[in-house]
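In: What follows is a predicted structure for the sequence shown.
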Number of protein chains: 4
Amino acid sequence: MSPQGGLGVAVIGTGKMGADHVRRLHHVISGARVTAVVDIEAERCKALAEEMEGCTAYAEPEAAMAADDVDAVLIASPGPAHEAALLEALGRDLPVLCEKPLTPDAASALRVLEAEQRLGHRRVQVGFMRRYDTEYAKLKRLLDGGELGRALMLHHRHRNPSMPSWFTTEMLINDSVVHEMDVTRWLLDQEITAVTVLKPTPSSLAPEGMSDPQLVLFETESGALVDVEIFGHCGYGYQVWAEAVCERGVVGIGDEHGPRLSADGRWGGRVTPDYIERFEDAYDRQVRAWVDATRRGEVTGPSVWDGYAAAAVCEAGVRAQREGRRVEVELIERPDFYQ
Amino acid sequence: MSPQGGLGVAVIGTGKMGADHVRRLHHVISGARVTAVVDIEAERCKALAEEMEGCTAYAEPEAAMAADDVDAVLIASPGPAHEAALLEALGRDLPVLCEKPLTPDAASALRVLEAEQRLGHRRVQVGFMRRYDTEYAKLKRLLDGGELGRALMLHHRHRNPSMPSWFTTEMLINDSVVHEMDVTRWLLDQEITAVTVLKPTPSSLAPEGMSDPQLVLFETESGALVDVEIFGHCGYGYQVWAEAVCERGVVGIGDEHGPRLSADGRWGGRVTPDYIERFEDAYDRQVRAWVDATRRGEVTGPSVWDGYAAAAVCEAGVRAQREGRRVEVELIERPDFYQ
Amino acid sequence: MSPQGGLGVAVIGTGKMGADHVRRLHHVISGARVTAVVDIEAERCKALAEEMEGCTAYAEPEAAMAADDVDAVLIASPGPAHEAALLEALGRDLPVLCEKPLTPDAASALRVLEAEQRLGHRRVQVGFMRRYDTEYAKLKRLLDGGELGRALMLHHRHRNPSMPSWFTTEMLINDSVVHEMDVTRWLLDQEITAVTVLKPTPSSLAPEGMSDPQLVLFETESGALVDVEIFGHCGYGYQVWAEAVCERGVVGIGDEHGPRLSADGRWGGRVTPDYIERFEDAYDRQVRAWVDATRRGEVTGPSVWDGYAAAAVCEAGVRAQREGRRVEVELIERPDFYQ
Amino acid sequence: MSPQGGLGVAVIGTGKMGADHVRRLHHVISGARVTAVVDIEAERCKALAEEMEGCTAYAEPEAAMAADDVDAVLIASPGPAHEAALLEALGRDLPVLCEKPLTPDAASALRVLEAEQRLGHRRVQVGFMRRYDTEYAKLKRLLDGGELGRALMLHHRHRNPSMPSWFTTEMLINDSVVHEMDVTRWLLDQEITAVTVLKPTPSSLAPEGMSDPQLVLFETESGALVDVEIFGHCGYGYQVWAEAVCERGVVGIGDEHGPRLSADGRWGGRVTPDYIERFEDAYDRQVRAWVDATRRGEVTGPSVWDGYAAAAVCEAGVRAQREGRRVEVELIERPDFYQ
């Protein structure tokens, strides 16, 4: 524990997402303090550290994790840097909240999976924060309640107003649909077994050469069928919907909330402009749950297995997207450790 | 019956409303034909008659009602002309559909009420067409079903984008709120006993000197409390809502339907611009029901009693509006004839 | 014209659908009269004819069409009987409203297509009545308006509470999804080029051996992608939704209307129990439009080409369903006659 | 500051509301710690204190406020005890978050108002937590934005499934409608000048002798008209709606969110059962804002003036309820101190 009380957290990576987590730990979450920030951009990192009493800037994750006042690690660096940081943290037996993706591919995820098993207890939570969204959580409870019978189909909609210029067609799978992959696995409590990607004629408003929108299909172990509309350049806002078609009823979430205005011949409301506004509360709840569990010595959220499975489904998804055919998902058998 | 089959109808008054009924009887309603049109504007009337085979133009209601091919009368002339036309039709024992108001005041409505009772059977239906609107009809069925218990309160909203320049503050009661008066009496199956009119500071977009919007309160025989927001210049469209607060539940109608569009950072739909579009189907259903009932020799819709009661409530409403106080409604005892 | 005025209509087939059309023509639609009813069940047919003045019962379509008081034909017999009745009517140059399907397969539909072309003018309208539904019509207008850009995807939901015991897996395509086929072709104004059918593990509440629900995918000429959830045994009611994903916005129809009730810890409304209630107005509007156009000597609704195209897509759909693969749709080149 | 860092808070009153605040400060809010709990029920108080490290149980507010580790006070005791605790805290210059009502009547509220002015700086925030609800906050921003013009009317709905047996008709004003009083003053940024209470025939499901529901009318300085339906025994859940009728548009909040279920012939969602679930986030945000402001040495939320004004409007409301007439609100002139 850090001397001033509360969990001392090292935040690795202080870009957009990392800086947001620093703000959250510092201002919003009780029981935790940011005691270390790590970034290759030394100036930015130092400036950030100076804003908070008792916080030190580091250039290397290893140095931060070695500090006395660091009790836990939040990894928000770019995906390719995750494996090394995760292995270091596991080597030191430190609790980790790792932003998605766990690692960029299934093989590296598997190495993390093995390291955690060698350690003998769970230490890593993956940042699939939709599980902490109020509406998704209510949907999960309804499905688990069993009154609606088995879920036969899921329909997802995932729309962004636009994407940064460096965003690629593959990233539609790896960075966007990865959320629906995790949500599907979590809601249905089973693995995805195959992926197909269908591409309509692209929108003329999508960047030249980008196939946008797409319809991604998942099949699951129990034979449920899942479709995901992913649209990176819908223009009008950020919209996430999910609908579960069950044997005894259909249940959906994601209708936009907030004030309903009638004016100028129209009624309706505002669409949230981005995921930060739409899922702000979910991010807060995720980090709070991680801090609370960590202080109790537990790990309760999405596991390394979840991170590995998402990586494997992403690999199948990108191949399905590239080759224009159904691709089966290859997973190792689930270790008892993660049952 | 007119020689070509179907009910021969004389339409008295061929202004906006009357011309719309002519179109309806000619094109939409089975079992009826317009055999006579009556208007002081001879040219307009003649031109309209020539559009329809077997239709004659008249200057006077009496002449039209005397024609052999006239089996029934639809009165759509200005309110002050209604009494004479109604008495003439009752004198000839002709079925009548009379646009609201039955007559402009309670005293004249009472004379029509007495004339119909002398005739000994009901012949007159008043044009309170909201009773034929699909949603109001469903609301009525729900309330009559009894599962929700007694209705304790009604909340009404009645908004127009704007009013013609000649529209007066009194007409907000007599021409607009009169619909809520009838709907309230019909939904609750009881009379209105007192009226209060409250006036907030008017909208700066309402005409100089017009008190708009207003909140009109009704009390009913059973002690139910009813509030009506009447807003003549809301600017954005025509909106009619109703909500019944019952002992075991609350039920509302009037949310706007139709396509739901997400675009430009907003979600929602279109507000209908006027009552003609909003209640088009209700007008059709009203006239169809009148034609069908007339052919069976029956009168099924809103009665002269309903027209008289509305006139009496309007009189109380205008006094309440003028004098800024609660005004009790004075009604004669309901004759057995109208039980 | 029949002596009493109005279009004399022979209704072929007086089962559930036919009897409903008889009622509609007799009570609801102006300008038409049922002068002939045809059914192999002589007793039922005779009883029905006797209810209406001037209506005769026939055992054979030919005899009815030969009668002097028959000006037009409404075909509501089982699909396999359609071809003969259509050819007979075309031979007599009689206007026809033919319930869907035009004929049960593409080859027979092609024979009707050729017969109408030989006749030299359009005489047949196919009963795709969703085109007359208020909401679909508004959706069509929005898409045609062009402000939303090109439609990239359509998502359809088509749910029934349950199906009759004799309903087969193939009929999910031929009798249910056929509506989405026509609506897709009409909304996008282009042909469907390929069909794929995906089958999740069936609901345990669907009949043994029936694959229900299914996800049917269409590709269109312009490369739009269309998915249809067809669910025959959803249990809770009849629900039809459509959502168009366009370049500049997303627009959907089909949210349930009517009174919104808050009671017993829940808010919401009633789901219509069947297509008859949901699309009652569309059926009325369809027949009214057909009667009006016929009296003007025109044909305005879905053509024989639309019926043929639907039959061809259905054939591809059933093969895709059976063989578990994508099947291309084979269409003859569209004749100038149907441009 | 308490030795372990963070604001040391004494919670006065550990009943339902107080215990919930203890949980919130201990588990949810960063930067604060419960260092003292005060209650006359010594056992309950002691047990609660023992659950938290560094927390002491007291029998008297004075003793708690005198403790070294108490930096701020949260008052959640019954209303009649508020004045003494507030004066004690002001005497010690301690920041206070005081649950509503500030005090039970206007005269005592005025004494607190004077005490704070004598102190010379603001120290007290009143617990009108609806100002911290996401939807109300968005509504406030829309109204303040000015694009909709002036607000002409507000319509409020405030429904509870049922009330405890000791709940009186007066408490409908003092404990329930008091929220709409504050929200109205805050949204419109002006005082309420008169109150009228109208009573329909009570629901047969309300307790014998209780007039429930009621319609409460407010008039404001600018002449806006506000109606509040207060219903203590609606049976089906907790519902709070607000609708602002403005010159250029109407905007409403409060439609229920969350999963939308279609099953058993109905579509819709769940109504929250109570204010704790409905406003959980608002309570969190309120206390977080108070802690943050207190640590910065500021007071930002509803002031003693707001508490006094609410008490004065409540007094007028209860008189209006009792005497069946419009009652004007009497307020002292607003001191510069609270401008």
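Out: Nice, I can see it.

In: Contact partners for residue A:184?
Out: Residues in contact with residue A:184 (C-beta atoms under 8 Å, 6 or more residues apart in numbering or on different chains) are A:154, A:156, A:192, A:218, A:220, A:226. Placement of C-beta: from N, CA and C, glycine included.

In: Can you get me the start-to-end distance on stretch A:290-302?
Out: The first and final residues of stretch A:290-302 sit 10 Å from each other (C-alpha to C-alpha, to the nearest Å).

In: cool, stretch A:33-45 as well?
Out: Taking C-alpha to C-alpha as the measure, stretch A:33-45 stretches 16 Å from start to finish.

In: Among the contacts of residue A:184, which lie within strands?
Out: Among those, DSSP state E puts A:154, A:156, A:192, A:218, A:220, A:226 in strands.

In: From chain D, how far out is the nearest residue to the fifth one once chain neighbours are set aside?
Out: Among residues not flanking residue A:220 along the chain, residue A:190 sits closest, at 5.1 Å (C-beta to C-beta, 6 or more residues apart in numbering or on different chains). Plainly put, residue A:190 is 21 Å away from chain D if you go by C-beta to the nearest C-beta, to the nearest Å.

In: which SS class is residue A:190?
Out: When the structure is split into helix, strand and coil by DSSP: H, G, I helix; E, B strand; the rest coil, residue A:190 lands in coil.

In: Counting neighbours, what do you get for it?
Out: When neighbours are counted by other C-beta atoms under 10 Å in any protein chain shown, residue A:190 registers 15.

In: My understanding was that it contacts residue A:222; is that so?
Out: Yes - under the contact definition of C-beta atoms under 8 Å, residue A:190 touches residue A:222, with a separation of 5.7 Å.

In: about what we covered before: tell me the one among the ones in strands among the contacts of residue A:184 nearest to chain D.
Out: The shortest separation between chain D and any of the ones in strands among the contacts of residue A:184 is 13.4 Å, and it belongs to residue A:154 (by C-beta to the nearest C-beta).

In: Next, count neighbours for that closest one.
Out: Other residues near residue A:154 number 25, with proximity taken as other C-beta under 10 Å.

In: So in terms of bridging, what pairs with the nearest residue to it once chain neighbours are set aside?
Out: Take residue A:154 and drop its neighbours on the chain: the residue closest to it by C-beta to C-beta, 6+ apart is residue A:226, 4.4 Å away. Beta bridges link residue A:226 to residue A:154, residue A:218, judged by DSSP bridges.

In: what about the spatially most central residue of chain A, distance to chain B?
Out: For chain A, the residue nearest the mean C-alpha position is residue A:128 (2.9 Å; C-alpha atoms, centre = their mean). In this structure, residue A:128 lies at 26 Å from chain B, with C-beta to the nearest C-beta as the measure.

In: Equivalent analysis for residue A:151, please.
Out: Residue A:151 sits 25 Å away from chain B when distances are taken as C-beta to the nearest C-beta.

In: Surely that residue is in contact with residue A:244?
Out: Yes - with contacts defined as C-beta under 8 Å, residue A:151 counts as touching residue A:244 at a distance of 4.9 Å.

In: For those two, list the residues in contact with both.
Out: Common contacts of residue A:151 and residue A:244, defined by C-beta under 8 Å, 6+ apart, comprise A:143, A:187.

In: Please state the offset of the lowest-mean-pLDDT helix or strand in chain A from the chain centre?
Out: The helix or strand of chain A with the poorest confidence is helix A:275-278; it has a mean of 86 (mean pLDDT, DSSP states H and E). Per C-alpha atoms, centre = their mean, to the nearest Å, the displacement of helix A:275-278 from the mean C-alpha position of its chain is 13 Å.

In: ok, now stretch A:198-217?
Out: Distance of stretch A:198-217 from the chain centroid (C-alpha atoms, centre = their mean) equals 23 Å.

In: Go through that stretch and flag the buried ones.
Out: Within stretch A:198-217, the residues that qualify as buried by neighbour count (16 or more other C-beta atoms under 10 Å in any protein chain shown) are A:198-203, A:206-207, A:210-217.

In: Identify the farthest-apart pair in these.
Out: Spatial extent of the buried residues of stretch A:198-217 (C-beta to C-beta) is set by the pair A:207 and A:217 at 24.2 Å.

In: near chain C, which residues of the stretch 151-300 of chain A?
Out: Listed as neighbours of chain C in the stretch 151-300 of chain A under the rule C-beta under 8 Å from any C-beta of the partner chain: A:152-153, A:155, A:159, A:198-205, A:213, A:215, A:217, A:219, A:222-225, A:227, A:229, A:231, A:234-236, A:239, A:245, A:247-250.

In: If we check chain D, which of those are in contact?
Out: Filtering these for proximity to chain D (criterion: C-beta under 8 Å from any C-beta) leaves A:248, A:249, A:250.
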